[in-house]
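Enquirer: Quick one: sequence plus predicted model below, questions after.
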Amino acid sequence: MRPLTEDEIRASFVNAPHDVLARMPLPGLHETVWDEREYLGWLDPTFAQRGYIVYWRDGKPFGIVLRSASSSMSRGISAMCSLCRTHQPGNQVSLFTVPKAGKAGRDGNTIGTYICSDLACSTIIRILPPPSSFLPHPADVVDSRSSGLLTRLDNFTGELLKPAA
């Protein structure tokens with residue numbers, strides 16, 4: 001991922017009112033390892049159910065505000081993140097809803113999907129399986145996972161931009 005500035009991040013959101021963006025806390029951008037991310041995702045420490053994702057879409061920063069469900073799945077069941085496709089304990093995956101962009105969002109239309117509760121898909125896809133002669137080279141595994149993650153994120157945000165039916 002190419003680095004982003006604070007101004008680029010704040011200007012990138014397609015589904016957030018200005019008052020939310022004005023109060024939005026940013027993660028430590030100077031500490032971010034941009035080469036090891038497909039997107040910048042973080043949770044709002046002042047509003048427990050709010051999260052943010054910003055990534056490069058069609059050559060421009062594209063940001064969305066997400067809201068996690070108030071309850072979580074049971075730890076005893078397995079769940080899968082829709083973005084990184086990683087199976088995890090149920091309490092580590094949350095249903096996130098996103099207001100649609102434009103008039104549809106202002107009218108209350110949302111879309112939702114299950115995502116890693118901490119929005120750390122970029123870290124999770126870099127956890128490599130044990131070496132094996134049956135598996136591809138580790139760099140190829142990460143490249144494939146990264147490509148798939150970005151494709152699924154593009155598909156999700158593409159749905160966000162569609163007008164309500």
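Expert: Yep, that arrived. Residues are numbered from 1 along each chain as shown.
Enquirer: what's near enough to touch the residue nearest the centre of the chain?
Expert: With distances taken as CA atoms, centre = their mean, I53 lies nearest the centre of the chain, 4.7 Å away. Residues in contact with I53 (CB atoms under 8 Å, 6 or more residues apart in numbering) are 39-41, 63-64, 66, 119, 153. C-beta: built from backbone N, CA, C; applies to glycine.
Enquirer: residue furthest from the geometric center of this protein?
Expert: S133 (32.5 Å).
Enquirer: my read is that one is in a strand, agree?
Expert: No. Under DSSP: H, G, I helix; E, B strand; the rest coil, S133 falls outside any strand and is assigned coil.
Enquirer: Okay, it and A101: tell me how far apart.
Expert: Per CB to CB, to the nearest Å, S133 is found 47 Å from A101.
Enquirer: how about Y55, secondary structure?
Expert: strand.
Enquirer: measure it to G76 for me?
Expert: 33 Å.
Enquirer: picking that back up, need the nearest residue in space to the residue nearest to the centre of the chain, chain neighbours excluded.
Expert: G41 (4.7 Å; CB to CB, 6 or more residues apart in numbering).
Enquirer: quick one: which of the contacts of I53 is nearest E8?
Expert: Proximity to E8 was ranked across those by CB to CB; first place goes to G63, at 9.1 Å.
Enquirer: Helix or strand for that closest one, just tell me which one.
Expert: Using DSSP states H and E, G63 falls within strand 60-68.
Enquirer: Can you show me the CA trace of that strand as PDB?
Expert: The C-alpha coordinates for strand 60-68 follow below in PDB (Å, rounded to 0.1, in the frame of the first residue of the first chain):
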ATOM      1  CA  LYS A  60      -7.200   7.300  -5.200                       C
ATOM      2  CA  PRO A  61      -7.600   6.900  -1.400                       C
ATOM      3  CA  PHE A  62     -11.000   5.500  -0.600                       C
ATOM      4  CA  GLY A  63     -12.300   5.400   2.900                       C
ATOM      5  CA  ILE A  64     -15.400   3.900   4.700                       C
ATOM      6  CA  VAL A  65     -16.700   4.100   8.200                       C
ATOM      7  CA  LEU A  66     -17.900   0.800   9.600                       C
ATOM      8  CA  ARG A  67     -20.000  -0.100  12.600                       C
ATOM      9  CA  SER A  68     -19.600  -3.400  14.400                       C
END
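Enquirer: Cool, thanks, talk later.
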